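Q: A predicted structure for the sequence below; I have some questions about it.
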Amino acid sequence: MIDREARRAAADLVRRLRDGLLTNYQFESAWPHSSTDRALRAVASMIWGLYDDRREHALVGEDGVDANRRSDLARYAAFLDTDLPYSWSRDNFVGIAGLGVLVPLSLGLLWPLDHWIKARIRRADDRFAAEGEVAAWPFMNAADFMASSVEPHQ
């Protein structure tokens, strides 16, 4: 279900976070978490990886994002400005990427588990990539993004 009011508020929050006008804590507390719109859950989950949630900061200076991430944020906001349904199967992008430093600390005993986790992630990523044009996410393809023309290439 598309929640137009929540999407409008979320698009504004994404732009303000991108432009350094909100801190990560302000962004998180204002986000419309109670909405059932899957697009909101997916975008919030994807954005979470762009900041350090252990301390409050804006995306400026050392904590800033590069031009590619700024473009990604603009595209996320553009999607939230549309009435397109969120059609990707995955709407949670927070997860463990492996066991990291625990593998050598375990003297290699955790290597099989680490290998299994990474292989599982690769398979899930491959399935996800087969669903649409990942470079256009959360749009399914670049044509939908270009047709939205809400906030082109910022």
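A: Now that the structure is in, tell me what you want to look at.
Q: can we go C-alpha only for contacts and neighbour counts from here?
A: Noted.
Q: mind checking how far the residue sitting nearest the centre point of the chain is from Gly95?
A: Central residue of the chain (Cα atoms, centre = their mean): Met46, 1.4 Å from the mean position. Met46 is 11 Å from Gly95, where distance means Cα to Cα, to the nearest Å.
Q: how distant is the helix or strand of the chain with the lowest mean pLDDT from the center of its chain?
A: Least confident helix or strand of the chain, by mean pLDDT, DSSP states H and E, is helix 102-105 with a mean of 84. Remark: helix 102-105 is offset 29 Å from the chain centroid, using Cα atoms, centre = their mean, to the nearest Å.
Q: dump that helix to CSV, restricted to CA.
A: Below are the C-alpha coordinates for helix 102-105, written out as CSV (Å, rounded to 0.1, in the frame of the first residue of the first chain):
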residue,chain,number,x,y,z
LEU,A,102,36.3,-13.2,14.8
VAL,A,103,37.6,-15.6,12.2
PRO,A,104,41.3,-15.1,13.0
LEU,A,105,40.5,-14.8,16.7
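Q: residues of it that come out buried?
A: Val103 (16 or more other Cα atoms under 10 Å).
Q: oh, and call the first residue 34 from now on, that's how I've got it
A: Sure, I'll start counting at 34 from here, so that last one is helix 135-138.
Q: any stretches of this protein with poor pLDDT?
A: 182-187 (pLDDT under 70).
Q: ok, which stretches of it are helices?
A: Assigned by DSSP state H, the helices in the chain fall at 37-51, 57-63, 71-81, 100-113, 135-138, 144-164, 175-181.
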